[in-house]
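A.B. asks: Sharing a sequence plus its predicted fold:
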Amino acid sequence: MITSSDLFSKNGQTFTITGVSSLTIQSSDLTRNTDNLGVSYWTVSIPVTAVDVGVDYDVSAGPFDDFPRVSPYLVQVASTRAFSGGAEKETSEEMVLRSKTAVAVRDLNLENSIKTVLTDLFSQVLEVSSVGMGDAEMARDKIDIPRGSGEVLTIHRGSMIDSYIKFPVEFDQVYSEVFPVDEGLLVDAYTVNDVGYTAVKLPLFPIYKIQALQDTSVSPAQDVPYSVVVDTIDTWNSNRQGIYLVVSAGYVGQKLDLIYDTVTGYEDVQTYVSDRRSRVVVSDLLCKASYALYLSFEIRYYPSASGITDLDAAKLSLQEFIHGRSLGSEFRVAELIEKFTTDNPGNTVQLPFVVVGNLLLPNGKILPITYQDKIEAPERYAFDPLDEDVLFPLFSSDADPVGQTVVILSSVQVSSRTMRYVVDVSDITLTEV
């Protein structure tokens, strides 16, 4: 006999028989089973319920860790399927809050439904912000219509959606052997001012930041001058971007390593949305990693009696705080000071405290921003590809391409809807004064 005081335990969670004070198992209730070795055993099913509410009680199928020994012949208690329904009952207030972002139609066509589908399916999708026809950030769907006398009318043709996604950042990734390249990657070889150059299209996407290009055939490794050529801005930070790396021809055949920052999870998401079975067929949905505003700062602090025992942990905590900010959200410099002093009691920060932001633009340039009060996205920054300093040496230029960053084609808009904050722990300096 099993009573309501008998407890079944699994993963630290406790269960009891359901709805009765005691349960007697008769021999007629037993079912005979035979395993593949011909050994017979008997089973019986009993209902059990968690002693409390909470999703922790939604345990998986399989054996229980502990159970009442109500019979000397009882050798195992197991659940044949996972438990469910452990969540607490939703209150009216919680339902109202949830309904603001809940969607009835879950397809890849509406902003809320795109966000819901992608965040539900992919754990590495942290946030989603989508732009479409008529939005200032949408550049892919623009077409120019000649009107005579040299005038051009630019209109949005629609049917396109760009979803800017916040993914986890991966710093200092290494792509080895950029040169030599196989025949499929070798893009062009050309001469400018009697100097030979070679360009290779990088099979990497998205690239947040190129940290260095190094010749590893020598010891120690040496930095190699390079140029970046972008063949389109509209598809930047996506798998449709074209990024070309240009080096002097003398480096071809040597082993070069590219060190760069990227994000994790992009390719799986874009593969899913590119499947016609996953989207509205009239919609061209392109996933992009949100544009990165790299922050760097030095905190000069007066130490407490014990000081800071673990500087690396202090930096990681500040990084986690910054990476936890929502897409394009604003926060104050004082919040970083508060975070630091909360994590490290007794240490005080020397003022003034300045945060430097470097917005990595789709043409490879950097827009520097200094923050002394409120940290926010530039609203809105439009890159003009017709600047005089923009060159494309792959096709026509008398300038030395190495060391230049060049771009052709159309523009893109950077705003609070498309931008996120990034900080490398190497860009956080903690200095005792």
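C.D. replies: Nice, I can see it.

A.B. asks: so who does the residue minimising distance to the centre of the chain touch?
C.D. replies: Centroid-nearest residue in the chain, with Cα atoms, centre = their mean: residue 167, separated by 0.5 Å. Residues counted as contacts of residue 167 (Cβ atoms under 8 Å, 6 or more residues apart in numbering) are 124-126, 263-266, 289. Every C-beta, even on glycine, is put in place using the N, C-alpha and C of the backbone.

A.B. asks: can you give me the helices for this protein?
C.D. replies: In order along the chain, the chain carries the following helices (DSSP state H): 92-99, 111-121, 266-274, 311-323, 333-343.

A.B. asks: Could you dump those helices into a markdown table and include distance to residue 429?
C.D. replies: Output for these, formatted as a markdown table (distance: least, Cβ to Cβ, whole Å):
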| stretch | distance to residue 429 |
| --- | --- |
| helix 92-99 | 40 |
| helix 111-121 | 35 |
| helix 266-274 | 30 |
| helix 311-323 | 9 |
| helix 333-343 | 12 |
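
A.B. asks: how about a markdown table for those helices, with mean neighbour count and mean pLDDT added?
C.D. replies: Putting the helices of the chain into a markdown table (neighbours: other Cβ atoms under 10 Å; pLDDT from 0 to 100) gives the following:
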| stretch | mean neighbour count | mean pLDDT |
| --- | --- | --- |
| helix 92-99 | 10 | 68 |
| helix 111-121 | 17 | 87 |
| helix 266-274 | 17 | 88 |
| helix 311-323 | 16 | 94 |
| helix 333-343 | 16 | 92 |
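
A.B. asks: Any idea which of those gets closest to residue 7?
C.D. replies: Taking Cβ to Cβ as the criterion, residue 7 comes closest to helix 92-99 out of the helices of the chain, the separation being 30.8 Å.

A.B. asks: Of the helices of the chain, which is nearest residue 418?
C.D. replies: Nearest to residue 418, of all the helices of the chain, is helix 111-121, at 13.2 Å by Cβ to Cβ.

A.B. asks: And that closest one, what does it pack against?
C.D. replies: In this structure, helix 111-121 makes packing contacts with strand 127-131, strand 160-166, helix 266-274, judged by 3 or more Cβ pairs under 8 Å, 6 or more residues apart in numbering; DSSP states H and E.

A.B. asks: CA atoms only: put that helix into PDB for me.
C.D. replies: The C-alpha atoms that make up helix 111-121 are tabulated as PDB, following Å, rounded to 0.1, in the frame of the first residue of the first chain:
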ATOM      1  CA  GLU A 111       7.400  42.400 -36.700                       C
ATOM      2  CA  ASN A 112       6.000  40.800 -33.600                       C
ATOM      3  CA  SER A 113       5.500  37.400 -35.200                       C
ATOM      4  CA  ILE A 114       9.100  37.400 -36.500                       C
ATOM      5  CA  LYS A 115      10.400  38.200 -33.100                       C
ATOM      6  CA  THR A 116       8.300  35.500 -31.500                       C
ATOM      7  CA  VAL A 117       9.200  32.800 -34.000                       C
ATOM      8  CA  LEU A 118      12.900  33.400 -34.000                       C
ATOM      9  CA  THR A 119      13.300  33.800 -30.200                       C
ATOM     10  CA  ASP A 120      11.200  30.700 -29.600                       C
ATOM     11  CA  LEU A 121      13.200  28.500 -32.100                       C
END
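
A.B. asks: okay, now the domains of this structure?
C.D. replies: If you go by automatic domain parsing, the domain ranges for the chain are 2-79, 170-261, 292-380+415-432.

A.B. asks: what about these, which gets the closest to residue 137?
C.D. replies: Of all those, domain 292-380+415-432 sits nearest to residue 137, with 5.4 Å by Cβ to Cβ.

A.B. asks: hang on, the earlier thing: turn the contacts of residue 167 into JSON lines, including distance to residue 308.
C.D. replies: Below are the contacts of residue 167 laid out as JSON lines (distance: Cβ to Cβ, whole Å):
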{"residue": "124", "distance to residue 308": "32"}
{"residue": "125", "distance to residue 308": "35"}
{"residue": "126", "distance to residue 308": "29"}
{"residue": "263", "distance to residue 308": "30"}
{"residue": "264", "distance to residue 308": "30"}
{"residue": "265", "distance to residue 308": "33"}
{"residue": "266", "distance to residue 308": "36"}
{"residue": "289", "distance to residue 308": "33"}
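
A.B. asks: tell me the two of those residues that are most distant?
C.D. replies: Every pair of the contacts of residue 167 checked by Cβ to Cβ; the farthest is 126 and 266, at 12.1 Å.

A.B. asks: what do these two both touch?
C.D. replies: When contacts are counted by Cβ under 8 Å, 6+ apart, residue 126 and residue 266 have 165, 167 as shared neighbours.

A.B. asks: Show the model's pLDDT score for residue 17.
C.D. replies: Looking at residue 17, its pLDDT is 91.

A.B. asks: what residues are up against it?
C.D. replies: 2-4, 6, 23, 46-49 are the contacts of residue 17 under Cβ under 8 Å, 6+ apart.

A.B. asks: rewinding a little: tell me which of the helices of the chain lies nearest to residue 60.
C.D. replies: The closest of those to residue 60 is helix 111-121. By Cβ to Cβ, the value is 19.9 Å.

A.B. asks: Might one say that residue 137 is in contact with residue 417?
C.D. replies: Yes: at 6.1 Å, residue 137 counts as touching residue 417 under the criterion of Cβ atoms under 8 Å.

A.B. asks: Residues that sit against both of those two, list them.
C.D. replies: Residues touching both residue 137 and residue 417 (Cβ under 8 Å, 6+ apart) are residue 131.

A.B. asks: avg pLDDT for the biggest strand by length in the chain?
C.D. replies: The residue-count maximum for a strand in the chain (DSSP state E) belongs to strand 291-302. If you average the pLDDT over strand 291-302, you get 92.

A.B. asks: ok, now stretch 164-180?
C.D. replies: Averaging pLDDT along stretch 164-180 gives 87.

A.B. asks: Now for residue 302: which residues touch it?
C.D. replies: For residue 302, the contacting residues are 347-350, 432-433, by Cβ under 8 Å, 6+ apart.
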